[in-house]
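J.: Need a 3D model of the following:
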Amino acid sequence: MNQRKNGLTKTHGANHLHCQPACKPQPHRPGVMQPKLALPSQQKPQPVAPQVYRPQPVPKVLQTKTAGGQPPSHAAPSPRLPVAPSRLTIQPKMSSSVRGVIQRNCGTPGCNDPNCHDPNNHGHTRVHNLRGRDVYAGNVTAADIGTGTGTNQGTRNYVNSATTPYPQEIRIEYNSGVTGNFSSFPNQPLAPGQRADAGHIFGRQFGGYGNQNASVFPQHPQTNRGNSYQGQPTRDLWRAHEDAIRAQAQSGNPTDVSVALYSTPRAIVRRCPSCNRDTLTSAATCPECGAFFP
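T.: As a prediction, the model looks like this:
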């Protein structure tokens, strides 16, 4: 009994001692399957439900360019996402004065410069055609006095060209807020072989240009120069209005001026100074008594 116990005890002790190195990795023995140890990195992943796809808005990416045309470099560039082409179109800046305005030539008769877009280049603030007449409008101030120019051979040839219309009637109107007046009178027809004068649309004495085709018109010489026509003075009325406009502007009263050139004579009501009758006429003489209309 004691021997068995001792033998068991020894055997148990031997097994116990033999078990100690069993915890260490054993060398590979051919033909013997080695148990696999489960490591945390070798554990099978648990199945995960796939994420639900939701369309995401395309981010707007502002691309900048350097002076050399290449994008700026970064130490750690992030991966680029595909960017849809932007629908935003950058328009060039326009000054507020021209935004939404179509440029065109100034429209002044006689101006053939395609780069001229302003009637002010010819001394007028506005020029327009209205029911068979060309209307020239402007404002005369003291600064305009003495700035006019005389005619030249170019403007004299222009008014006598076959393509330049000869106005049949002229109307001048002005108003300074202090005084104003208007007159309409025919532009007498030229005699055979007679040449027209290059008449200033705005008088030279208050800034009218005589050296520009767009600032003159074919005018009967007797009216322009102050000579008589059919034995009657013709300068007084035209020059009297020009003198009044200059006097008002020179005294510090800016004066609005309008000159209309009619392609055909218009019938107007006139009162004859001789017979004192109102008559509808475009002639230079009274149809009732034959007196001259000033």
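J.: for the stretch 51-200 of the chain, what spans make up the strands?
T.: In chain order, the stretch 51-200 of the chain shows strands spanning 126-129, 133-140, 169-175, 180-186, 197-200, with DSSP state E, counting those that start in this stretch as the criterion.
J.: Need the winner for burial among those strands.
T.: Greatest average neighbour count among the strands of the stretch 51-200 of the chain goes to strand 197-200 (a mean of 25), per mean count of other Cβ atoms under 10 Å. For glycine as for every other residue, the C-beta is placed from the backbone atoms N, C-alpha and C.
J.: For that one, give the mean pLDDT please.
T.: Model confidence over strand 197-200 averages 95 on the pLDDT scale.
J.: Only C-alpha atoms, please: export stretch 143-161 in PDB.
T.: Listed next in PDB are the C-alpha coordinates belonging to stretch 143-161 (Å, rounded to 0.1, in the frame of the first residue of the first chain):
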ATOM      1  CA  ALA A 143     -18.700 128.200 -70.600                       C
ATOM      2  CA  ASP A 144     -19.800 127.700 -74.200                       C
ATOM      3  CA  ILE A 145     -19.500 131.300 -75.200                       C
ATOM      4  CA  GLY A 146     -16.700 131.800 -77.600                       C
ATOM      5  CA  THR A 147     -15.900 128.100 -78.100                       C
ATOM      6  CA  GLY A 148     -17.500 127.800 -81.500                       C
ATOM      7  CA  THR A 149     -15.600 127.200 -84.800                       C
ATOM      8  CA  GLY A 150     -16.000 128.500 -88.300                       C
ATOM      9  CA  THR A 151     -16.800 126.500 -91.400                       C
ATOM     10  CA  ASN A 152     -14.200 125.000 -93.700                       C
ATOM     11  CA  GLN A 153     -14.100 123.600 -97.300                       C
ATOM     12  CA  GLY A 154     -15.100 120.200 -96.100                       C
ATOM     13  CA  THR A 155     -18.300 121.300 -94.500                       C
ATOM     14  CA  ARG A 156     -19.200 123.600 -97.400                       C
ATOM     15  CA  ASN A 157     -18.800 120.600 -99.800                       C
ATOM     16  CA  TYR A 158     -20.900 118.500 -97.500                       C
ATOM     17  CA  VAL A 159     -23.900 120.800 -97.500                       C
ATOM     18  CA  ASN A 160     -23.800 121.000-101.300                       C
ATOM     19  CA  SER A 161     -23.500 117.300-101.900                       C
END
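J.: Residues contacting that stretch, please?
T.: Contacts made with stretch 143-161 from outside it, assessed by Cβ atoms under 8 Å, 6 or more residues apart in numbering, are listed as 110, 164, 195-200, 202-213, 216-219, 246, 249-250.
J.: Please repeat the previous calculation with a cut-off of 6 Å.
T.: Stretch 143-161 is contacted from outside by 164, 195-196, 198, 204, 206-211, 213, 216, 218, 250, using Cβ atoms under 6 Å, 6 or more residues apart in numbering.
J.: which one among those residues gets closest to Val257?
T.: Of all the contacts of stretch 143-161, the one sitting nearest Val257 is Phe206; the distance, using Cβ to Cβ, is 8.0 Å.
J.: Need the phi and psi values for that closest one.
T.: Summarising the backbone geometry of Phe206 under the convention degrees, to the nearest 10, its torsions are phi -120, psi 30.
J.: Please list all residues in contact with it.
T.: For Phe206, the contacting residues are Val140, Asp144, Ile145, Ile245, Arg246, Ala249, by Cβ under 6 Å, 6+ apart.
J.: Which members of those residues are classed as buried?
T.: Among the contacts of Phe206, those that count as buried by neighbour count (16 or more other Cβ atoms under 10 Å) are Val140, Asp144, Ile245, Arg246, Ala249.
J.: picking up where we left off before, including distance to Glu288, could the strands of the stretch 51-200 of the chain go into TSV?
T.: Shown next, in TSV, are these (distance: least, Cβ to Cβ, whole Å):
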stretch	distance to Glu288
strand 126-129	34
strand 133-140	27
strand 169-175	20
strand 180-186	17
strand 197-200	30
